[in-house]
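*Asks:* Predicted model and sequence below, questions to follow.
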Amino acid sequence: MVDRWIKQPGAGQVRGEGEWVEYLGSDDEWEWLRGTGFLPTAEGEKPEEERADG
């Protein structure tokens, strides 16, 4: 099974912010998340953090 990731916002953060965490839910929930587009999702290797270092 391929690794699945969601970007989980922390306190005070909005959608698209936060850190990538491994998704451990069901296949049906994964398909629902992918369909809504509400949280960023990824499959495969853990995505690299995008940094705005200037």
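*Replies:* Yes, it's here. Numbers count the residues shown, from 1 in each chain.
*Asks:* so how far is Leu33 from Ala42?
*Replies:* Distance, Ala42 to Leu33, using Cβ to Cβ, to the nearest Å: 11 Å. Just so you know, the C-beta spots here come from the backbone N, C-alpha and C atoms, and that holds for glycine as well.
*Asks:* which residues do these two both contact?
*Replies:* Shared contacts of Ala42 and Leu33 (Cβ atoms under 8 Å, 6 or more residues apart in numbering): Ile6.
*Asks:* and the two? which has more neighbours close in?
*Replies:* Leu33 (17 against 14; other Cβ atoms under 10 Å).
*Asks:* Give me the buried positions along the helix or strand where that one lies.
*Replies:* Element membership for Leu33, per DSSP states H and E: helix 27-36. Within helix 27-36, the residues scored as buried using 16 or more other Cβ atoms under 10 Å are 30, 33.
*Asks:* And that helix, what does it pack against?
*Replies:* With contacts taken as 3 or more Cβ pairs under 8 Å, 6 or more residues apart in numbering; DSSP states H and E, helix 27-36 sits against strand 41-43.
*Asks:* Let me see the contact set for the residue lying closest to Phe38 once chain neighbours are set aside.
*Replies:* Of all residues not flanking Phe38 in the chain, Arg15 sits nearest, at 6.5 Å (Cβ to Cβ, 6 or more residues apart in numbering). Residues near Arg15 by Cβ under 8 Å, 6+ apart: 9, 38-40.
*Asks:* Buried among these? Need that as a selection in ChimeraX.
*Replies:* To isolate the buried subset of the contacts of Arg15 in ChimeraX, counting by 16+ other Cβ under 10 Å, use the following:
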select :39,40
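*Asks:* Go through the contacts of Arg15 and say which is closest to Asp27.
*Replies:* Minimum distance to Asp27 across these is 16.3 Å, recorded for Leu39 (Cβ to Cβ).
*Asks:* The closest one contacts Arg4, doesn't it?
*Replies:* No: under the criterion of Cβ atoms under 8 Å, Leu39 makes no contact with Arg4, lying 11.5 Å away.
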